[in-house]
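Visitor: Give the three-dimensional model of this entry:
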Amino acid sequence: MKDSQGTDKGTIVAVSTSLKKGEKKSNMDTAELIADYGLKGDAHAGNWHRQVSLLALESIEKIRAKGLDVAPGDFAENITTRGLNLWELEVGTMIGLGEDAMVEITQIGKECHNRCAIYHRVGDCVMPKEGIFARVIKGGSVCPGDRARVTE
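Guide: Below you'll find the model as predicted:
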């Protein structure tokens, strides 16, 4: 399956975790995805459908274009990619990360009950519309520079 740009391959730009929910995440040199759990050490990991969140760097750049200095992890996403139009993929799509890991998209976007700080500063936030959530099908190590690819 390819996105509308014909792209099925990308790159991991950042891998980010946080110990608490509701805060921006810190970028890591490497992290471990654990099957049926999520990203080791991250507050959102667990037995549910939103074990890992992903956001495209292209989405972050939309907010940068509005004048806000934001970086990977600032939207509380676990994995930031480049070269994949994540927001165009469908629930059920499989994404390979790194050499071994595999995630399945379970949700596109999310409802924000309370507008985040980014929304209040620029009047928009991309995570509710363009962020995706996934469960980990197969674990593995992931780090910036690794491949991110849509699999069939």
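Visitor: In contact with Thr30, which residues?
Guide: Val15, Ser141, Val142, Cys143 (Cβ atoms under 8 Å, 6 or more residues apart in numbering). In this view, the C-beta of every residue, glycine as well, is placed from N, C-alpha and C.
Visitor: Now do the contacts for the last one.
Guide: Residues near Cys143 by Cβ under 8 Å, 6+ apart: Ile12, Val15, Met28, Asp29, Thr30, Ala31, Gly98.
Visitor: Among those, name the buried ones.
Guide: Neighbour counting with 16 or more other Cβ atoms under 10 Å marks Ile12, Val15, Met28, Ala31, Gly98 as buried within these.
Visitor: Looking at the contacts of Thr30, point me to the pair that's furthest apart.
Guide: Between any two of these, the greatest separation by Cβ to Cβ is 9.6 Å, found for Val15 and Ser141.
Visitor: what's the overlap in contacts for the two?
Guide: In contact with both Val15 and Ser141: Thr30, Ala31, using Cβ under 8 Å, 6+ apart.
Visitor: Heading C-terminal from the lowest-mean-pLDDT helix or strand in the chain, find the next helix or strand.
Guide: Using mean pLDDT, DSSP states H and E, helix 117-122 stands out as the lowest-scoring helix or strand of the chain, at a mean of 51. As assigned by DSSP states H and E, the chain's next helix or strand after helix 117-122 is helix 127-130.
Visitor: Which SSE is immediately downstream of that next one?
Guide: Counting by DSSP H and E, what follows helix 127-130 is strand 132-138.
Visitor: what pairs with that following strand, and is each one parallel or antiparallel?
Guide: Partner strands and pairing direction for strand 132-138 (DSSP bridges) are strand 52-56 (antiparallel), strand 101-108 (antiparallel).
Visitor: In stretch 92-101, which of the residues would be classed as buried?
Guide: Thr93, Met94, Ile95, Gly96, Leu97, Gly98, Ala101.
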